[in-house]
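Undergrad: Sequence and predicted structure below; questions after.
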Amino acid sequence: MTAPDFIEARRSIRAFAPGAVPRPKLDALIEAACLAPAPHHSRPWRWVILDTGDAKRALADGMGARWRADLTTDGMAPERIDELVESSRRKLTTAPALVLGCLTWEGLDRYPDERRRRAEWGMALLSLGAAIENLMLAATDDHLASCWVAAPIFCPEEARDALALPNEWLPQALVLVGHPDPAYQPVARPAVPIEDLRAHR
Ligand SMILES: Cc1cc2nc3c(=O)[nH]c(=O)nc-3n(C[C@H](O)[C@H](O)[C@H](O)COP(=O)(O)O)c2cc1C
């Protein structure tokens, strides 16, 4: 018994052939994302498609400023910071399209205490992860390349404000989408060491 082929086929592809992704195709990816399970039927996800240079640059610059400040606080050498921030900016601004996954409290349960608030938000984040996986599986099925980029989860407010999104939309995950670079060669995945990863009770 192996994983289904359509799961195996999805890879994180970071290099793209030139060419825009038509907006209806991007909408179809979001529709696939929204088939994911969500806590108490909440669908706490909001989606932003960025396929213009201005929008991609705005997001990259907003998040880049935060990252630069964090790395400076960490004491990293300024030249290395420049390299990292510039490389990230290039990745975001050269991808044909970006899909930004946001969470909102709308539809989630509200609790008076921090412990349950954190758990509720954690559930929403888990469901966003399921939605993003759906999105990338649907992209693979449509012969599109995709790659999840973590950056927004480190700076949701900066990402939101860079794009003038509604206050309650909190960016958490970014997916690069485009046509795969024909030169892309997948690296073999390491075997799953099932004996080390699971327990029986
Ligand atoms: C939450 C999350 C964050 C990730 N962030 C990044 C990222 O910032 N940059 C990147 O190039 N890949 C990122 N990835 C992709 C992983 O590196 C990739 O899934 C992993 O190397 C396995 O490769 P595969 O997806 O081809 O199986 C992220 C994946 C996840 C699930």
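TA: Yep, it's here.

Undergrad: rest of the way, CA atoms for contacts and neighbours
TA: Fine.

Undergrad: which residues touch residue 48?
TA: 99-102 (Cα atoms under 8 Å, 6 or more residues apart in numbering).

Undergrad: tell me, which of these make contact with the ligand?
TA: For the ligand, no contacts are drawn from those by Cα under 6 Å from any ligand atom.

Undergrad: Quick check: residues of the protein near the ligand?
TA: Neighbours of the ligand within the chain, by Cα under 6 Å from any ligand atom: 11-12, 147-151.

Undergrad: Any of these buried? List them.
TA: Taking 16 or more other Cα atoms under 10 Å as the criterion, what is buried in the residues of the chain next to the ligand is 11, 147-149, 151.

Undergrad: Columns pLDDT and secondary structure on top of those, output as TSV?
TA: Formatted as TSV, these follow (pLDDT from 0 to 100; DSSP: H, G, I helix; E, B strand; the rest coil):
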residue	pLDDT	secondary structure
11	98	coil
147	98	strand
148	98	strand
149	98	strand
151	98	helix
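
Undergrad: picking that back up, now the two most distant members of the residues of the chain next to the ligand.
TA: Greatest spatial distance in the residues of the chain next to the ligand: 11 and 151, 18.8 Å, computed using Cα to Cα.

Undergrad: Give me the longest strand you can find in this structure.
TA: Criterion DSSP state E: the longest strand present in the chain is strand 170-180.

Undergrad: Kindly export the helix or strand following that strand (C-alpha atoms) in CSV.
TA: Once the chain leaves strand 170-180, the next helix or strand it forms, by DSSP states H and E, is helix 194-197. The C-alpha coordinates for helix 194-197 follow below in CSV (Å, rounded to 0.1, in the frame of the first residue of the first chain):
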residue,chain,number,x,y,z
ILE,A,194,7.2,4.7,9.8
GLU,A,195,8.5,2.6,12.7
ASP,A,196,10.0,5.7,14.3
LEU,A,197,7.0,7.9,13.7
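
Undergrad: Flag the shaky bits of this protein, pLDDT-wise.
TA: Applying pLDDT under 70 to the chain flags the ranges 1.

Undergrad: Would you state the strands of it in chain order?
TA: Under DSSP E, the chain gives strands at 16-17, 45-50, 97-103, 145-149, 170-180.

Undergrad: for the protein, what's the longest helix?
TA: helix 114-141 (DSSP state H).

Undergrad: Which strands or helices does that one pack on?
TA: helix 5-8, helix 23-33, strand 97-103, strand 145-149 (3 or more Cα pairs under 8 Å, 6 or more residues apart in numbering; DSSP states H and E).

Undergrad: list the buried ones in it?
TA: 120-121, 123-125, 127-140.

Undergrad: ok, now stretch 166-179?
TA: For stretch 166-179, using 16+ other Cα under 10 Å, the buried residues are 169-179.

Undergrad: is residue 146 in a bridge, and if so with what?
TA: Beta-bridge pairing of residue 146 under DSSP bridges involves residue 12, residue 177.

Undergrad: Neighbours of it, how many?
TA: Residues near residue 146, counting by other Cα atoms under 10 Å, number 29.

Undergrad: cool, residue 160 as well?
TA: If we define neighbours as other Cα under 10 Å, then residue 160 has 23 of them.
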